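K.L.:
One predicted model, sequence on top.
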Amino acid sequence: MSARQIGFIAGLIVLLGIVVICAIIKKSSLKGEYDERQELIRGRGYKYALLTVMVFNAICLIFGVEGQVPYFSWDYLTLVSIMLGTLVFGVYSIRHDAFIGLNNNVRSFVVLFAACIIANLFGGIHHLQQGLLENGQVTFATGSNLTLSVGFVILLITILVQHFSSRED
């Protein structure tokens, strides 16, 4: 089989996985209702996430010499900025029991995050084998899969730790 055929088959498998995940999400309804305490915590999490994105972008602009940040392309840094904000919000909300709604099941989030990790790892492993650098820089195309995988792993670990620590209480 050629690399193109393998890629096509892998794409079909990922598409099938996405369809299954969407069916699970629709059935379990990940969109939850939050009480007043959770809303306040989520608002504080959004604030911290925005501040993180602003500080990260300021650091990138300061270290960007002549419009170039060494080793990273701007489009990749934009993804990292968004991922950092998402991680700050997610970890803060999860640790304060405000990420998952009142009537939601933790298992749905675990399945969703695990699927995202697996899907992104396939692309990430491919880019690791081919090399992450293009013209001496990590670009969006070469680094996005690994960045998203690491981010979802962090969120998944945080959810599992919070879930099992709250069960012990």
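P.N.:
Great, that's in hand.
K.L.:
Contact partners for V153?
P.N.:
Listed by Cβ atoms under 8 Å, 6 or more residues apart in numbering, the contact set of V153 reads I117. C-beta here means a position set from N, CA and C on the backbone, and glycine is covered the same way.
K.L.:
Centre of the chain to the one helix or strand it maps to, how far?
P.N.:
With secondary structure defined by DSSP states H and E, V153 is part of helix 140-168. Mean-position distance between helix 140-168 and its chain equals 7 Å (Cα atoms, centre = their mean, to the nearest Å).
K.L.:
Tell me the buried residues in that helix?
P.N.:
Neighbour-count burial for helix 140-168, counted by 16 or more other Cβ atoms under 10 Å, picks out 140, 142-156, 158-159, 162.
K.L.:
A115: what's it in contact with?
P.N.:
17-18, 21.
K.L.:
what would the residues you listed look like in CSV with secondary structure, neighbour count and pLDDT?
P.N.:
What follows is those, written out as CSV (DSSP: H, G, I helix; E, B strand; the rest coil; neighbours: other Cβ atoms under 10 Å; pLDDT from 0 to 100):
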residue, secondary structure, neighbour count, pLDDT
G17, helix, 14, 78
I18, helix, 13, 78
I21, helix, 17, 75
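K.L.:
With distance to F109 added, can I get those in a markdown table?
P.N.:
Below are those laid out as a markdown table (distance: Cβ to Cβ, whole Å):
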| residue | distance to F109 |
| --- | --- |
| G17 | 16 |
| I18 | 16 |
| I21 | 11 |
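K.L.:
Go through those residues and say which is closest to I118.
P.N.:
Checking the contacts of A115 against I118 with Cβ to Cβ, the nearest one is G17 at 7.8 Å.
K.L.:
okay, and for the chain, where does confidence drop off?
P.N.:
For the chain, the stretches flagged by pLDDT under 70 are 1-4, 8, 22, 24-32, 65-67, 168-169.
K.L.:
Fine, thanks again, bye for now.
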